[in-house]
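In: Next input, structure requested:
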Amino acid sequence: MMRRRLTAAVLFAATVVGVTVPVAVAGGRDVDAVQGQVDRLVEQDGVPGALAFTGDRTHTAGTAEAGSGREMVGSDGSVRIASNTKSFTSVAVMRLVTEGRLGLNERAGRHVPQLADSAVTVRQLLSQTSGLPEYVGLMDWTDLDVTDEELLTLALSQEPLFEPGTDWAYTNTNYLVLGMVIEAVTGDDFRAYVEDTIITPLGLESTYWPERGEFGLRGGHAHNYGVSPADPAAGATDLTELPGHLFGAAGGLVSTPEDLNVFWETLFGGELLPRWAVWLMTHDVSRVGGDGVFPAGTRYGYGVASFPLSCGGRYYGHGGDLPGDTVLGGWAPGRGDDRTVTAYTTTLAVPGDTRTHLQETVDAALCADDRR
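Out: The predicted structure follows:
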């Protein structure tokens, strides 16, 4: 059986101050569970702001800006979706596979010269089974002109984590490389390809790739808080402005809960890819979880993971972390109605009570009889 490693599911460490008080989890089918969970994130875990959007209601708690008294933004507010970006990148790759322009068992080195001598395949990149090491911890966050090729060089300066296909380890390097593969196959920047094939056709008008040198968030948004990777000695600070362009194909997209829910609905509704392709993404999996980041019972496929629900069954999504936020959620098939949810905190939900409570917020939203 494969060993499971988590090398960078949380991109950076940050400090979240909260009160650790044992609390009975609201019943999975309690109509007040969603708002109760969101309130707990603020009142007990100490996050500045929290939100859960279920499609028919937006649940919020806290403030959009610490110390201001401003009401928390709604479901149309912008948020950096971090590693949920990987699901968009995976769909873009699978689109090329379904069109016969790329093979899952092709070596990535056919398209990325830096991997010319590597046995790593496209499938292994998608499924996080390549063994490529993480680059994030080696980055110079003051270098805003770094290229993807230079980031891959950082990763390849280390020993492989394992032989390709023999284990599982979550690294952003896998999706960095997939962005490079998309560019080699299409001749377009991966950002433009994702826009042209996913974002624009779905009408996701609030979803975008930040430009190089763009630090702020467009449109209405909450402020974000955490420890800056460029200046960790400064401690916790306002991290609303970040060099989002650097996060690339692994974590660079900005979206809204409304747009992200549409993405999940259309992906799993068969509107973005043939159903056989979605089946592969969700069923060619590694069993992971129980590490504090991914809950026990998690199965990781091609840029999509599935998670067990307290009311039975599973939901499908991903999740993402940056120093200033954590964004969870996804789609669950229902008995007569499918459901989606996006939930986030305006600071990193580090493993422990805060992250568990955010996961329970998603569970409550997808399991509640009445999401009032």
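
In: When you work out contacts or count neighbours from here on, use the C-alpha atoms and nothing else.
Out: Noted.

In: Flag the shaky bits of the protein, pLDDT-wise.
Out: For the chain, the stretches flagged by pLDDT under 70 are 1-31, 335-336, 370-372.

In: What is the burial count for Thr347?
Out: For Thr347, the tally of surrounding residues (other CA atoms under 10 Å) stands at 30.

In: Please apply the same query to the one 10 residues further on.
Out: Neighbourhood size, His357 [other CA under 10 Å]: 19.

In: go on, the one 4 residues further on?
Out: Counted with other CA under 10 Å, the burial measure for Thr361 works out to 32 neighbours.

In: Need the CA coordinates for the helix or strand harbouring it. CSV is fine.
Out: In the assignment (DSSP states H and E), Thr361 maps to helix 353-367. The C-alpha trace of helix 353-367 is given here as CSV (Å, rounded to 0.1, in the frame of the first residue of the first chain):
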residue,chain,number,x,y,z
ASP,A,353,-9.9,23.0,15.9
THR,A,354,-10.2,25.8,13.3
ARG,A,355,-9.7,23.5,10.3
THR,A,356,-11.9,20.8,11.7
HIS,A,357,-14.7,23.4,12.3
LEU,A,358,-14.4,24.7,8.8
GLN,A,359,-14.7,21.1,7.5
GLU,A,360,-17.7,20.6,9.7
THR,A,361,-19.2,23.7,8.2
VAL,A,362,-19.1,22.2,4.7
ASP,A,363,-20.5,18.9,6.1
ALA,A,364,-23.4,20.7,7.8
ALA,A,365,-24.2,22.6,4.6
LEU,A,366,-24.3,19.5,2.5
CYS,A,367,-26.2,17.4,5.0
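
In: Could I get the full set of helices for this structure?
Out: Remark: helices assigned in the chain by DSSP state H are 33-43, 85-98, 122-126, 148-156, 173-186, 190-194, 248-251, 257-268, 275-283, 353-367.

In: First-to-last residue distance for stretch 64-73?
Out: One end of stretch 64-73 to the other measures 6 Å (CA to CA, to the nearest Å).

In: what distance separates the helix holding Thr361 from the centre of its chain?
Out: 16 Å (CA atoms, centre = their mean, to the nearest Å).

In: Report how many residues lie close to the nearest residue to Leu154 once chain neighbours are set aside.
Out: Computed as CA to CA, 6 or more residues apart in numbering, the closest residue to Leu154 that is not its neighbour in sequence is Tyr135, at 5.6 Å. Neighbourhood size, Tyr135 [other CA under 10 Å]: 21.

In: ditto for Trp168
Out: Residues near Trp168, counting by other CA under 10 Å, number 25.

In: So it versus Glu149, what's the distance?
Out: 23 Å.

In: Can you list the residue ranges for strands in the stretch 101-250 of the chain?
Out: All strands of the stretch 101-250 of the chain, identified by DSSP state E, counting those that start in this stretch, fall at 168-170, 225-227, 236-238.

In: So which elements touch the last one?
Out: In terms of contacts (3 or more CA pairs under 8 Å, 6 or more residues apart in numbering; DSSP states H and E), strand 236-238 is packed against strand 225-227.

In: just how off-centre is the strand it packs on within its chain?
Out: Computed by CA atoms, centre = their mean, the chain-centroid distance of strand 225-227 equals 18 Å.

In: which strands and helices sit next to that strand?
Out: Applying 3+ CA pairs under 8 Å, 6+ apart, we find strand 225-227 packed against strand 236-238.

In: So in that sheet, which strands flank the strand it packs on, and in what orientation?
Out: For strand 236-238, the pairing partners within the sheet under DSSP bridges are strand 225-227 (antiparallel).

In: tell me the residue furthest from the middle of the chain?
Out: Most distant residue from the mean C-alpha position of the chain: Asp117, 30.0 Å away (CA atoms, centre = their mean).

In: With adjacent residues omitted, what lies nearest to that residue?
Out: In space, Asp117 is closest to Gly109, 6.8 Å off (CA to CA, 6+ apart).

In: So what's the residue count around the one you found?
Out: 18.

In: Please apply the same query to the one 5 residues further on.
Out: The tally of other residues near Gln114 (other CA under 10 Å) stands at 15.

In: Same check on Val227?
Out: So Val227, with other CA under 10 Å, has 24 neighbours.

In: Same check on Ala296?
Out: By the criterion of other CA under 10 Å, Ala296 has 14 neighbours.

In: Okay, the residue lying closest to it once chain neighbours are set aside and Gly216: tell me how far apart.
Out: Spatial nearest neighbour of Ala296, excluding adjacent residues (CA to CA, 6+ apart): Gly290 at 3.9 Å. Distance, Gly290 to Gly216, by CA to CA: 34 Å.
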